[in-house]
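Enquirer: The amino acid sequence is not available; the structure is as follows:
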């Protein structure tokens, strides 16, 4: 009994400097908000709310200000940009100083440094995070970034080794405190141009250098995929999806709170195929637990930078446009083994694609629930197709709700169910 108590006592001693460090975190938050002006958007609103929760936790005996501080850092990452990433880094440093063995703090610090282009520092933080995990696997996005940063560094090190004398300047840049992506990229490009002019394109070392430069550029643009086959995931198009849903009863479940708080879980799980949308949450009694199909719509300026789709699902459909953003997000956010099938590019915009529905007039912000419902209705392969949790106004956009109600065969308000078959 003595050792556990002694360990707890030492842990409390380490947190003794907490008030000053928490105060530093709050000051960083205040400075960030003061510089925001009238900017207002989803990520900024979530950040402001997280800051408020952190401030409240500092004066609440029952709340843990450390967890609240990490949440502010996560929301700061979402806002992006130099200011958001700088705030995330400052909060991560404070968090790591408060609890040096916090996995969340080292992960946050690595992600912030990575976003700021400080790859070598980010990799060291990621490795510290992985060490603290022990035998547990790292978060998918961290594992990808670790692999990517190591490959990028290997390209640079081999490039310097090809021309040791001429590469001294590039080696010095890589070893210096300003070795950010913004500084290294032009330096590497200049090094390649100089060697090409000096030795010509026929030189074997130059050809290898050009290959390394191209690989490095690709790794800067997008993270490496550790498993290109995604753990055996099978891509499906229109006919493949029709085959997967043919003859099966299907329900599309709302993410609304009243569904989660209800008692329809067993009835939902009784469907052959349960469809969840976007960032759903599960509560067995209310929402059920099965995930036969997960549909998600890409939103925002950088949808590839959002968290990976790690929850297991039978089928994953990703809707989004333009095609380049869709490809990058799918490449980055799909997790090997987390889905049995994934929709291919032919399913990425079913409403507007002339090869599918080809219907004009739908807004870019069309809800994911309606998009997947309209696609499943178009396939016309399911004997039963229900919406659950969409009976109340506001769950669908007005034109979407009008389309649904025009085709509804039965509405059961007590079960929050709208039947289309």
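Expert: Received the coordinates, thanks. Every value quoted in this text rests on a predicted model; they were computed, and no experiment measured them. Numbering: from 1, shown residues only.
Enquirer: what comes into contact with stretch 68-84?
Expert: Identification of contacts with stretch 68-84 by CB atoms under 8 Å, 6 or more residues apart in numbering yields 22, 25, 29, 32, 35, 43-44, 46-47, 49-51, 53-54, 56-57, 85, 87-88, 91-92, 94-95, 98, 102, 104-105, 108, 111-112, 115-116, 302, 305. No exception for glycine: its C-beta is placed from N, CA and C like everyone else's.
Enquirer: And stretch 87-99, by the same measure?
Expert: Against stretch 87-99 from outside (CB under 8 Å, 6+ apart): 14-15, 17-18, 21-22, 24-25, 28-29, 32, 66, 69-70, 72-74, 76-77, 79, 102, 104-106, 108-109, 111-113, 115-116.
Enquirer: filter the residues you listed to the buried ones?
Expert: 18, 21-22, 24-25, 28-29, 32, 66, 69-70, 72-74, 76-77, 79, 102, 104-106, 108-109, 111-113, 115-116 (16 or more other CB atoms under 10 Å).
Enquirer: burial of residue 206, as a residue count?
Expert: 19 (other CB atoms under 10 Å).
Enquirer: Would you quantify the distance from it to residue 166?
Expert: 12 Å (CB to CB, to the nearest Å).
Enquirer: so what sits against both of these two?
Expert: With CB under 8 Å, 6+ apart, residue 206 and residue 166 have common neighbours residue 195.
Enquirer: on that earlier part again, out of the contacts of stretch 87-99, list just those in strands.
Expert: Judged by DSSP state E, the contacts of stretch 87-99 include no members of strands.
Enquirer: Now, these that are in helices?
Expert: With helices taken from DSSP state H, the overlap with these comprises 14, 18, 21-22, 24-25, 28-29, 32, 66, 69-70, 72-74, 76-77, 79, 104-106, 108-109, 111-113, 115.
Enquirer: hang on, residue 116 packs against residue 125?
Expert: No - using CB atoms under 8 Å, residue 116 makes no contact with residue 125, being 11.8 Å away.
Enquirer: Could you list every helix and strand that whichever strand in the chain runs longest packs against?
Expert: Secondary structure of the chain per DSSP E: the longest strand is strand 313-319. Judged by 3 or more CB pairs under 8 Å, 6 or more residues apart in numbering; DSSP states H and E, strand 313-319 is in contact with helix 238-245, strand 293-297, helix 323-333, strand 339-343, helix 368-379.
Enquirer: most packed of those?
Expert: Mean neighbour count (mean count of other CB atoms under 10 Å) peaks for strand 293-297 among the helices and strands packed on strand 313-319, with a mean of 24.
Enquirer: Identify whichever of the helices and strands packed on strand 313-319 lies nearest to residue 260.
Expert: Proximity to residue 260 (CB to CB) singles out helix 368-379 among the helices and strands packed on strand 313-319, at 15.2 Å.
Enquirer: Centre of the chain to that closest one, how far?
Expert: 24 Å (CA atoms, centre = their mean, to the nearest Å).
Enquirer: what does stretch 175-195 give?
Expert: 29 Å.
Enquirer: Could you list the buried residues of that stretch?
Expert: Here stretch 175-195 shows 179, 180, 184, 187, 188, 191, 192, 195 as buried, counting by 16+ other CB under 10 Å.
Enquirer: now the strands: where do they sit in the protein?
Expert: Counting by DSSP E, the strands of the chain are 234-236, 249-253, 273-277, 293-297, 313-319, 339-343, 384-388, 410-412, 417-419.
Enquirer: As TSV, the ones you listed with distance to residue 378 and mean pLDDT would be great.
Expert: Below are the strands of the chain laid out as TSV (distance: least, CB to CB, whole Å; pLDDT from 0 to 100):
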stretch	distance to residue 378	mean pLDDT
strand 234-236	15	92
strand 249-253	13	97
strand 273-277	15	97
strand 293-297	14	97
strand 313-319	13	96
strand 339-343	14	94
strand 384-388	11	97
strand 410-412	20	95
strand 417-419	17	96
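Enquirer: can you redo the ones you listed as JSON lines with distance to residue 213?
Expert: Converted to JSON lines, the strands of the chain look like this (distance: least, CB to CB, whole Å):
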{"stretch": "strand 234-236", "distance to residue 213": "31"}
{"stretch": "strand 249-253", "distance to residue 213": "47"}
{"stretch": "strand 273-277", "distance to residue 213": "42"}
{"stretch": "strand 293-297", "distance to residue 213": "35"}
{"stretch": "strand 313-319", "distance to residue 213": "31"}
{"stretch": "strand 339-343", "distance to residue 213": "32"}
{"stretch": "strand 384-388", "distance to residue 213": "52"}
{"stretch": "strand 410-412", "distance to residue 213": "61"}
{"stretch": "strand 417-419", "distance to residue 213": "56"}
